[in-house]
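Asker: Test case, fold it:
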Amino acid sequence: MTTCRSFRPGAARWRADYNWPLAGDWTAHLGAGLRLVGARYSSGRCFADEFKTGAYGAMDLNADLSDSRYTVRLFAKNLTNRHAYLTDTANQNGLTGDIVDVEGTVIQPRRWVWRWTSNSERS
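Answerer: Below is the predicted model of the structure:
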């Protein structure tokens, strides 16, 4: 199954997931996702305070093996370790109105996670 969803202007997400049977009651799953966010303007106190936040793309991958009792899963977020800002906010000097610095929220760095679960715990 492949899907494409747009959550806001300038942003799109694509996801592909594939499942197939293995020996016995084991199944395999592979998935990948791509997040693309276009350049956008930050929100300042007034229109003159707004400035452009750059575009970015991030890729996620996941894989798992499952049977009726267990699931072993591995996934990676931000596989390419893209450094990008999600938001930017300007801080102004209260007397002069000049922008003295800019604070931003960055995208999470690359993260690898593996997980083993007992499927009886999910009930």
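Asker: Residue 65 versus the closest residue to residue 101 other than its chain neighbours, what's the distance?
Answerer: In space, and not counting its chain neighbours, residue 101 is closest to residue 91: 5.1 Å by Cβ to Cβ, 6 or more residues apart in numbering. Any C-beta I mention is one placed from the backbone N, CA and C, and that applies to glycine too. According to Cβ to Cβ, to the nearest Å, residue 91 and residue 65 sit 49 Å apart.
Asker: go on, residue 71?
Answerer: From residue 71 to residue 65 the distance is 7 Å (Cβ to Cβ).
Asker: what about this structure, any weak spots by pLDDT?
Answerer: Low-confidence segments of the chain, defined by pLDDT under 70: 1-10, 42-51, 121-123.
Asker: And the helices in it?
Answerer: With DSSP state H as the criterion, the chain has no helices.
Asker: What residues does the spatially most distant residue from the centre of it make contact with?
Answerer: The outermost residue of the chain, judged against the average C-alpha position, is residue 95 (38.8 Å), by Cα atoms, centre = their mean. By Cβ atoms under 8 Å, 6 or more residues apart in numbering, the contact list for residue 95 is empty.
Asker: bridging residues for residue 12?
Answerer: residue 36 (DSSP bridges).
Asker: ok, now residue 27?
Answerer: residue 21, residue 66.
Asker: Surely it is in contact with residue 66?
Answerer: Yes. Using Cβ atoms under 8 Å, residue 27 is in contact with residue 66, at 5.3 Å.
Asker: Neighbour count: residue 71 and residue 65, which is higher?
Answerer: Neighbour comparison, residue 71 and residue 65: the larger count goes to residue 71, with 17 against 14 (by other Cβ atoms under 10 Å).
Asker: surely residue 29 meets residue 17?
Answerer: Yes. Counting by Cβ under 8 Å, residue 29 touches residue 17, with 6.8 Å between them.
Asker: wait, what's in contact with residue 77?
Answerer: 58, 60, 108, 110, 111, 113.
Asker: ok, now how distant is the residue nearest to residue 101 from residue 37?
Answerer: 23 Å.
Asker: Between those two, which has more neighbouring residues?
Answerer: A direct count of neighbours by other Cβ under 10 Å for residue 91 and residue 37 places residue 37 higher, at 20 against 12.
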